[in-house]
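**Student:** with the sequence up front, the predicted model follows.
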Amino acid sequence: MALPELSYERILEDNMSVGLSLAAGIGNEDDFSQYKFLAIPHYRLYFGKRRAAGFFIEGNVAVASVRERDLRYEATNGNYQVSDESTVNFGVGAAVGAKFLTKNGFTGEVFGGLGRFLGDSRSIEAYPRIGITLGKRF
């Protein structure tokens, strides 16, 4: 399974920013490709000496289209019945990480965290916020 992500971040002040990350799950049906699409707006608070760089904490929310897989056993013929249904889930999460900045504006960051989907009776209860990214500051 792969969950590639594309992100945009807007610096509000020297120590804070807002951003939007879009991710799409790719893989075949045998993988854990439950996440079809995620939109994750986030707010970051930076603790580094440079502008929007260094250690950060992140608060985020998510809107996700996920594939809910239901496996049922049929006692009459002894077979399992698998059904897939796409649902839209909403969640809240947090992450921590570090952003590194070069003199010519290239960035690299490492972050990790987790979010939890709201509501009950979901087979997928969480979404990941783990990554290593490379980017360019304009």
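**Tutor:** The structure has been received and is ready for your questions. Numbering: from 1, shown residues only.
**Student:** end to end on stretch 46-65, go ahead and measure it.
**Tutor:** For stretch 46-65, the first-to-last residue distance is 30 Å (C-alpha to C-alpha, to the nearest Å).
**Student:** could you do stretch 40-51 as well?
**Tutor:** Taking C-alpha to C-alpha, stretch 40-51 runs 23 Å from one end to the other.
**Student:** buried residues, that stretch. List them.
**Tutor:** Ile40, His42, Arg44, Tyr46, Gly48 (16 or more other C-beta atoms under 10 Å). The C-beta positions use only the backbone N, C-alpha and C, and glycine is treated the same way.
**Student:** quick one: the residues you listed as TSV, columns for pLDDT, distance to Val88 and secondary structure too.
**Tutor:** Converted to TSV, the buried residues of stretch 40-51 look like this (pLDDT from 0 to 100; distance: C-beta to C-beta, whole Å; DSSP: H, G, I helix; E, B strand; the rest coil):
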residue	pLDDT	distance to Val88	secondary structure
Ile40	96	14	strand
His42	98	19	strand
Arg44	98	25	strand
Tyr46	98	32	strand
Gly48	92	36	coil
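**Student:** and the longest strand belonging to the chain, what other elements does it pack with?
**Tutor:** Taking DSSP state E as the criterion, the chain has its longest strand at strand 79-101. Counting by 3 or more C-beta pairs under 8 Å, 6 or more residues apart in numbering; DSSP states H and E, the packing neighbours recorded for strand 79-101 are strand 35-46, strand 54-74, strand 106-117, strand 126-136.
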